[in-house]
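[1] Take this sequence and fold it.
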Amino acid sequence: MITRLFLQAHRTPVLAPADVAALEASVSRTVEFAARRVIVRPQEPLSQCTLLLEGFIERYKDTAEGRRQILALHVPGDFVDLHSYPLKQLEHSVAALTPVRVALFPHAEIRAITQHSAAIAELLWRSTLIDAAINREWIVSVGARAAAVRIAHLFCEMYLRLDRVNLTDGLRFPLPLTQIDIADASGLTAVHANRMLRQLRERKLIEFRQGNVEILDWPALKRFAEFDPSYLYLD
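    From the prediction side, this is the model:
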């Protein structure tokens, strides 16, 4: 089932079997993209929404000076650009961090199923609002948290989001980011991000190697990050 991970990540409201079937039937096709491939460009006319099935995707903006700010990271089960349905374009870029497979939902189908089912409309709306809550938490990190805390907070968040869709192994999980990616997601230079990763390792909180994270002490990592998962709305 193409929407299995999305429904696993977003469990409220529970869809009736007929609504699940309608959501599945709205998929026009699945597509694969190579790692680092741009999927959506700013101001590009859009007529479909993208559901991530496999791999990792980033949303980002580049400045005129060549600096990149990663705005969001997406894991399997995430709608990447559901907000493109009413907006018809994005003001930022979307790119594959790894090889990815996505399902495409034409805007016309999104309109039809949300008009037909209040439960589907609520579920899609809720997922978009959770994206916005995550974005607000990232703004707090970049604007108000110390550098090492920002990275620790990101690791806590990604662990819970991946665990939600059964993509963790105990306290280990894939996070296929370079140190430059981590810097771009946390508003740091690559050198500063490297130092903060070393600090987290020396505190025996995490190990981050070759795109994989191992949390060495989950309670201590949460305390260090001042991590409150309520913004993820997991319950």
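
[2] first to last residue in stretch 83-102, what's the distance?
    16 Å (CA to CA, to the nearest Å).

[3] Helices of the chain, residue ranges please.
    4-9, 17-25, 84-87, 107-116, 118-144, 147-164, 179-186, 190-202, 218-225 (DSSP state H).

[4] Mean pLDDT and distance to residue 233 added to these, as CSV?
    For the C-beta atoms, the positions are set from N, CA and C on the backbone; glycine is no exception. Shown next, in CSV, are the helices of the chain (pLDDT from 0 to 100; distance: least, CB to CB, whole Å):
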stretch, mean pLDDT, distance to residue 233
helix 4-9, 97, 10
helix 17-25, 98, 20
helix 84-87, 96, 21
helix 107-116, 97, 20
helix 118-144, 97, 5
helix 147-164, 98, 11
helix 179-186, 96, 21
helix 190-202, 97, 26
helix 218-225, 98, 17
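
[5] what number of residues lie near the spatially closest residue to residue 227 that is not a sequence neighbour?
    Once flanking residues are discounted, residue 227 sits nearest to residue 156: 4.2 Å by CB to CB, 6 or more residues apart in numbering. Residue 156 has 22 neighbouring residues, counting by other CB atoms under 10 Å.

[6] these two touch, right, residue 156 and residue 225?
    Yes: with contact defined as CB atoms under 8 Å, residue 156 counts as touching residue 225 (5.1 Å).

[7] what bridges to residue 173?
    residue 213 (DSSP bridges).

[8] Tell me the predicted confidence for it.
    The model reports residue 173 with a pLDDT of 98.

[9] same thing with residue 66?
    Residue 66 is given a pLDDT of 89.

[10] ok, back up a step: okay if I get the helices of the chain as CSV plus distance to residue 52?
    Output for the helices of the chain, formatted as CSV (distance: least, CB to CB, whole Å):
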stretch, distance to residue 52
helix 4-9, 8
helix 17-25, 15
helix 84-87, 14
helix 107-116, 16
helix 118-144, 12
helix 147-164, 12
helix 179-186, 17
helix 190-202, 25
helix 218-225, 25
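
[11] ok, now how distant is residue 117 from residue 89?
    26 Å (CB to CB, to the nearest Å).

[12] Could you do residue 187 as well?
    26 Å.

[13] Settle it for me: which of those two has more neighbours?
    The residue with more neighbours, out of residue 187 and residue 89, is residue 187; 19 against 13, by other CB under 10 Å.

[14] so what's that one closest to, chain neighbours aside?
    residue 142 (4.0 Å).

[15] Contact partners for that neighbour?
    150, 186-187 (CB atoms under 8 Å, 6 or more residues apart in numbering).

[16] and of these, the nearest to residue 199?
    residue 150 (11.8 Å; CB to CB).

[17] Please identify the buried residues of stretch 106-122?
    Neighbour-count burial for stretch 106-122, counted by 16 or more other CB atoms under 10 Å, picks out 106, 109-110, 113-114, 117, 119-120.

[18] First-to-last residue distance for stretch 170-178?
    22 Å.

[19] go on, stretch 26-36?
    End-to-end span of stretch 26-36 (CA to CA): 27 Å.
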